[in-house]
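Asker: when you get a sec, could you give me coordinates for this:
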Amino acid sequence: MVLSTTRFLLKLGHFPARPTRVRSGLCTAWIYGQPRSPRGTILSIHGANRFGPLDPRWVQLSRGLAEAGFIVAAPHVPSIASLAFCPDQIEQLVDIIEELLEDPTLCPAGRAGLLSVSLSGGLTLQAAAQPRLRDRISAILTIGAYAETERTADHMVRHPEADLYGALLLFANYYRHRDPTSRLPEAFTRLALDNFHRRPLNLARARAILTEADGRLLEAMLSSPQVRGDVWDTLRAHIKGELRRLDTIPHLQGLRAPVTVIHGEGDDVIPPSEADALAEALDATGRLADKVITPLLSHGDTQRRWSTLLREAPPLIRAFGGWMRAITQPA
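Answerer: Numbering: from 1, shown residues only. Sure, this is the predicted structure:
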C-alpha cells in the first residue's frame, strides 16, 4: 500500500484520461478509473466553489486516486457549488451518497470510502454518521474541515490574517437575516468569486447593485475585521440555532468508520486548530485513524516547498496510505 500511495501522490501532477460523466436521479457524477479489479470505491465530495467537482484541484486529486487503483465518483452537489451553507445539505449528502452506493458498477461491494474538503468536510462527517450510511462507509478522509461552526465563523470574520473568502461566504448566506431587502448578499457572492479566482476584488461592480448606505457598509466590512465582527454579532442571535445544527462534533458518536484528518498548516480560511479539536473529539469516540497538519497544504491548495518535501511528505503518505488500506478491507 505504501507503493500505491506514493504512486498516487506522484501522479497528482499528471493528467490521465478524462472522467466519464454519469447522470442519476439525484445528481451528476464524474467517474475516474473503472479497473476490472478495483481496490475499492471512493466518493469525493467537493468544496464550496462554483466549479464543484470540476475544480481543477479536485480533478487532480480524483485522478491521482484513480491511478492508485480505485473507482472514484465525484458527484456534483448543486447547493454546495452555489456557495450555500445550511443544515439541509446534510440530508442532501445522505441522499446522494446513498444513491451512489446503490450503483453496483460504482460500488460493487455496496461500501465506499469518503473524501471531503473544507466546509464540506464537516457536512460529510455528519452525513456519514446517519443511520442510512454509517454501516456502508469504510473510511473517511477530511482535508481542511471544521469542528465547531461558531468558532470557525468567528475566525473567518474577525481574524486580521484570515482570507476573506470564508467571511464573504458567511455574509452571502446569512446577511439576509439582518436586512431581507438588501442586495449585499449578492455583492458578497460576487466578491467571493473574485477571491476564489484570485482576481482583484471588483468593488465597483459589487457596489453598482447597492444603495449608497450598503455600499459604504460593504467597504467598511472589507477593510475592517472589527466592523465585520460587529455585523456578525448582529446576525448571530438570528442564526445561532442553525449554526449549532451545523456543528460537527455532536454527531461523531454516530460514526462507524475510521477518520483521517488532514489540515494545512497555512490554512487561512479554516484554522488548523479546528483539526486539533476534530481529532481530539474523534479520538474520544475511538474513530480517529490519523491526524496530519502539514506545511505542504494551505486551504485546498498544494504548496510544494521542495526544501521541506522529504521531511513532510512521509506523514502524508502514512495518512493517505492508512485511509486507502481501510477502504480495501472487507466489511
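
Asker: can we go C-alpha only for contacts and neighbour counts from here?
Answerer: OK.

Asker: just the strands in the chain please.
Answerer: Using DSSP state E, the strands assigned to the chain run over residues 20-23, 28-32, 41-45, 71-75, 112-117, 137-143, 259-264, 288-294.

Asker: what pairs with the shortest one, parallel or antiparallel?
Answerer: Taking DSSP bridges as the criterion, strand 20-23 pairs within the sheet with strand 28-32 (antiparallel).

Asker: now the strand it pairs with: average pLDDT?
Answerer: Regarding strand 28-32, the rounded mean pLDDT is 94.

Asker: residues making contact with it?
Answerer: 18-23, 53, 62-63, 66, 71-76 (Cα atoms under 8 Å, 6 or more residues apart in numbering).

Asker: how close does the nearest residue to Thr234 once chain neighbours are set aside get to Glu186?
Answerer: Leaving aside its chain neighbours, Thr234 sits nearest to Arg178 (7.2 Å; criterion: Cα to Cα, 6 or more residues apart in numbering). As defined by Cα to Cα, to the nearest Å, Arg178 lies at a distance of 14 Å from Glu186.

Asker: neighbour count: the two, which is higher?
Answerer: For Arg178 versus Glu186, the count of surrounding residues by other Cα atoms under 10 Å is larger for Glu186: 17 against 14.

Asker: and the residue nearest to the more buried one when sequence neighbours are not counted, what does it touch?
Answerer: Among residues not flanking Glu186 along the chain, Ala172 sits closest, at 6.6 Å (Cα to Cα, 6+ apart). Ala172 is in contact with 184-189, counting by Cα under 8 Å, 6+ apart.

Asker: kindly recompute the last result at 10 Å.
Answerer: 83-85, 166, 183-192 (Cα atoms under 10 Å, 6 or more residues apart in numbering).

Asker: hang on, the earlier thing: quick one: closest of the strands of the chain to Ala128.
Answerer: Closest approach to Ala128 among the strands of the chain (Cα to Cα): strand 137-143, 6.9 Å.

Asker: got the CA positions of that closest one in CSV?
Answerer: These are the backbone C-alpha positions of strand 137-143, laid out as CSV (Å, rounded to 0.1, in the frame of the first residue of the first chain):
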residue,chain,number,x,y,z
ILE,A,137,-18.8,3.8,4.8
SER,A,138,-15.4,2.1,5.1
ALA,A,139,-13.1,5.0,5.8
ILE,A,140,-13.2,8.8,5.7
LEU,A,141,-10.6,11.4,5.0
THR,A,142,-11.2,15.1,5.5
ILE,A,143,-8.9,17.9,4.3
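
Asker: what is the rounded mean pLDDT of it?
Answerer: 97.

Asker: now the residue of the chain most remote from its centre: how far from Ser224?
Answerer: The centre of the chain is farthest from one residue, Glu212, which by Cα atoms, centre = their mean lies 35.5 Å away. As judged by Cα to Cα, Glu212 and Ser224 stand 18 Å apart.

Asker: then Gln130?
Answerer: 40 Å.

Asker: now Leu54
Answerer: 33 Å.

Asker: and the strands of the chain as JSON lines, adding distance to Ile96?
Answerer: Shown next, in JSON lines, are the strands of the chain (distance: least, Cα to Cα, whole Å):
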{"stretch": "strand 20-23", "distance to Ile96": "12"}
{"stretch": "strand 28-32", "distance to Ile96": "10"}
{"stretch": "strand 41-45", "distance to Ile96": "10"}
{"stretch": "strand 71-75", "distance to Ile96": "8"}
{"stretch": "strand 112-117", "distance to Ile96": "12"}
{"stretch": "strand 137-143", "distance to Ile96": "13"}
{"stretch": "strand 259-264", "distance to Ile96": "20"}
{"stretch": "strand 288-294", "distance to Ile96": "25"}
